[in-house]
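1. Sharing a model that was predicted from the sequence below.
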Amino acid sequence: MSTGTFDPDELEFLAEDIFVTIIPNVKFPIFYMLSGDIGPMEPNIPVEVPLWLAVHMRQRRQCRLVVPEWLSLEALMEQKDRELKLDLFGEVPGPFYVEMSQIILDNFTEEIPDSNKIRRLVKDIIDIRLSKLRGTVGLHVKKSEMYAVVNNITQIELCSLRNLLTRGMDQLDMLKNAGLHNAGGASQSFSDDSSALEVSSMNPS
Amino acid sequence: MKNASLALTHGNYLSLSDIMVTEEKLLCTLTTDFHGLGYIQPSTRSENGDLVEGTVLDLPLWMVNPMKRNQWLEFQLPTAYQEEARRILCADPGIVEFRQGSRCRFSQNHYPLGLYIIPLADNINNSSLLATQIVKKKSLTLEEAKEVRSSLVSTFQLRFRQIMDWSNKTCHDTSAHDLKRLDRSERQLLEIGKAEQNSLISWNQRKKSKILKPSTAIKNARLMTDYADSRKRARIEV
Amino acid sequence: MDLPEMDVSGVALDDSSTVYTTAQLLTDLKDIWRSERLAPELLPHKQETVEMLLEQIGTVESNLEKAKHVKDPFFLHCHKMEANRVRYMLSNYLRCRLEKLENYALHYLQLSAAERDFVMTTAEYKFLQRYQADTEELIEGSVRTFLPANLAILDKWKEAPLKPRLESFVFVKPREQINGLILGASDAPVSLEQHSQYLLRYSAVRKPVMENKVILISPISSASLQEIFLSSLF
Amino acid sequence: MFGQRAAELIRELERASDDALPPYKAESVRGICEEMQGIFEANCRDRVNLDADGIEQATAVKIQHAMHFRDTAMSRNKRCLIAYHYNRMERLRNLRWSLGGIIPTAIRQTLSEKETEWFSNYSKALTNYMMDVAELPDQDPADPQDPVVLDLTVHQRPPKEYFIDVKVLVDYGNYETQDGETIFLKKHMRLCMARTECEHLIRQGILQHVQ
């Protein structure tokens, strides 16, 4: 684990808490979960559950997923076109759309007839956005701005260069301030020499 | 130290990379005598065994810094930070190879060494500089230190884009030759960038996410002991 | 299958008798966990939240234990899975805090008693003291026998302990509008808008982060804004 | 020049990858300590010279300079020794998290005695901390609850499916699960276990996660 960042698996974990609609084929009473009540479930009656529970039930063949609107061929093609036309970042279906699409494509293949095409579209969209992101970041460091507004980028996208970006900014910051401040600035401290002569503390035995 | 980057290692007492940086040598001229230390530089050893004023020798940065503060020596600005090198860096920063043996003797500690050298500038303004010019001709003036600094900044800004592009490529795309061009801190950034990029890619391809893996430390340790064992065996056979 | 009679969610009370639902506690945990993971320094401890959630997990798990032979295993697994999810967040949150204490051990040992009570729990402080004592023993003990008796002190590393780097750049999202933020010595104050996300130095938002007015994000979410733009203050 | 052995010691550790723990260099550590002893003695001698009656001012200054020179080298050696042991400790600490409380023999061989001692102390400190966290402050004495122990080393990755399929890689013998049941782990055996149960065993290379 490293501080300063979340990795994709951890983001996927967060995405699993998002609610999706399933159509159960079993009957269950209300689940009193810590995060709130779920159900009751009746066969063929749509019900909202967190994604992780949907996956668990699907693995036991206890439900089908109502595939979210945005995960259709049409919607994604539209999103891709939009993203290609824009210089800036286009709007996304939700904060965890990438993570969710992965989980859904992994576990609910039967519900998604064009899963391969969809998988490729999602990947294309991410690639387009990531290359925009690198462009912006490159520009940012080049102009050496010390503050930025970064809207509409999702967590998973920043996963690919968040540390590189923040550490790069840190380094640039240091170079710019080299030798400028005495106190606190690491550039001035020189760590292994002693300020006071140590001989004074030595007593010949 | 995990995810080491210059901002975290520079001046950090416990950092291995900072220790390696401060091991870099500078060419120095002593301006005072040191009793009984003549054996350090036998060629210019004085009769009484002292290390004497005027001796020219290479000293590691960790020694230069306190000696310079006491004004017991002057150091020469390494060629990698002198005007010619700065001009080369300014013309095409992406091409320059930060490694020994290059024309301007760029080192793989280009930025951190620069960060240490800049504060060593003599804090004298131009007018008083004129008066002491002859004495100080070898040392680093405040003016020049500023030039060095702005060179470091612009070099880094321009090379950062390249690091970002490289980190986007898959591992084998970046040749060993490319890597050799980078300074230590740039290489650390590249590693950070690659690790991030790879974790996203392999997550995306669902390669490893679900499979739990044994620790690499175990594998490393096994390799190491296997190696030691095979050497032992080899010795016995001989 | 019959209706499960036990309500494993329930509510918890804290000292000031504010009623928290477990769902709210979980939302809080997610926020503090995220901020802790992304902040360069140790944030104020949230012992009450941790304790209340642990208690909830305890209740759920002991109820499940009792119901082991009565209930459908599917039902048991679902609750167990949820409990594991909470356990993961809690463990990871606490682990992350220990890691910061370990990395900046000397720095955190030097805090005043008041500062200490604010940022760390008693258990964390106990751990920290022990950790540092053991580490000093390792370092000094490894060389003590080889050095002259009146030299054997390796104390230089304690004089300038490693500190969290507060100048690090972080991504943040304000919960409310924040005015008059000073980002650099020569810069004019700026305002941060609610619903936007920013990349800036942690030191600039340290206070609002501690007050929970700004949360640290692994960027983002807000789909309401149309563009990414970079604005310079120079 | 002073400090060369120390630099060599650091260079070797710095070159090894972040999670590798190369064998402990007892010889080099001792050698560096000898250099420090030499510096110490030289400076003691110089101090005596300084205090001698009738010493010339010019000579005294030269002696002080030399003492400072050696003293700088002393500090450098100290820094390297501290950094060497500190960085190894950090790597060892990571091992505690990835491998659990028992160091595999392969790794134990690379450690110094002091390091092995540190490892077991660290394990104890962690266990104590986890027990402290588990202790609830206001227990209802009428209805005492079992403490909820949060094993920080178990839940290190986000939980996924509840059960996973595993293959046993070594003849391990009896293993006691969290529920108190005992499983006999024999090489080549395949079984389905709770994920939380086998994370440690997988990291230690005893089980293999199969799909």
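-> Yep, that arrived.
2. what pLDDT does the residue in chain A positioned nearest to chain C get?
-> Going by Cβ to the nearest Cβ, chain C is nearest to residue A:95 of chain A, at 3.4 Å. Any C-beta I mention is one placed from the backbone N, CA and C, and that applies to glycine too. On the pLDDT scale, residue A:95 is placed at 81.
3. Same check on residue D:167?
-> For residue D:167, pLDDT reads 88.
4. swap in residue C:225?
-> 24.
5. ok so, going back, SS state for the residue of chain A closest to chain C?
-> At residue A:95 the chain is in coil, as set by DSSP: H, G, I helix; E, B strand; the rest coil.
6. Which of the helices or strands spans residue D:126?
-> Secondary structure from DSSP states H and E places residue D:126 in helix D:113-134.
7. Give me the contacts around that helix.
-> Residues outside helix D:113-134 that contact it (Cβ atoms under 8 Å, 6 or more residues apart in numbering or on different chains): C:50, C:54, C:94, C:98, C:122-124, C:126-127, C:130-131, C:134-135, C:137-138, C:141-142, D:24, D:88-89, D:92-93, D:95-96, D:101, D:103, D:108, D:111, D:147-153.
8. go on, stretch D:187-197?
-> B:212, C:84, D:154-155, D:159-171, D:177-178, D:183, D:207, D:210.
9. in that stretch, what counts as buried?
-> By 16 or more other Cβ atoms under 10 Å in any protein chain shown, the buried positions in stretch D:187-197 come out as D:193-197.
10. go on, stretch C:206-217?
-> Residues of stretch C:206-217 classed as buried: C:206, C:208-210, C:214-217 (neighbour count, 16+ other Cβ under 10 Å).
11. I would like the residues contacting that stretch, please.
-> By Cβ under 8 Å, 6+ apart, the residues outside stretch C:206-217 that reach it are A:155, C:31, C:34-35, C:38-39, C:43-44, C:166, C:170-176, C:178, C:192, C:197, C:202, C:205.
12. Please check those and keep the buried ones.
-> Listed as buried from the contacts of stretch C:206-217 are A:155, C:31, C:34-35, C:38-39, C:43, C:170-174, C:178, C:192, C:197, C:202, C:205; burial here means 16+ other Cβ under 10 Å.
13. circling back to that earlier point, widest-spaced pair of the buried residues of stretch D:187-197?
-> D:193 and D:196 (9.1 Å; Cβ to Cβ).
14. residue contacts, the closest residue to residue A:119 other than its chain neighbours?
-> Spatial nearest neighbour of residue A:119, excluding adjacent residues (Cβ to Cβ, 6 or more residues apart in numbering or on different chains): residue A:105 at 5.5 Å. By Cβ under 8 Å, 6+ apart, the residues touching residue A:105 are A:112, A:115, A:118-119, A:122.
15. Let's see that with 10 Å instead.
-> For residue A:105, the contacting residues are A:71, A:111-112, A:115-116, A:118-119, A:122, B:206, by Cβ atoms under 10 Å, 6 or more residues apart in numbering or on different chains.
16. With residue A:120 instead?
-> Counting by Cβ under 10 Å, 6+ apart, residue A:120 makes contact with A:76, A:114.
17. In terms of pLDDT, where does it sit?
-> pLDDT recorded at residue A:120 is 91.
18. measure it to residue A:173 for me?
-> 40 Å (Cβ to Cβ, to the nearest Å).
19. related to what we said a few turns ago, ok, of the contacts of helix D:113-134, which come out buried?
-> Buried by 16+ other Cβ under 10 Å: C:50, C:54, C:94, C:98, C:123-124, C:127, C:130-131, C:134-135, C:138, C:141-142, D:24, D:88-89, D:92-93, D:95-96, D:103, D:111, D:148, D:150-153, out of these.
20. what's the closest of the buried residues of stretch D:187-197 to chain B?
-> Of all these, chain B sits closest to residue D:195, with 7.8 Å by Cβ to the nearest Cβ.
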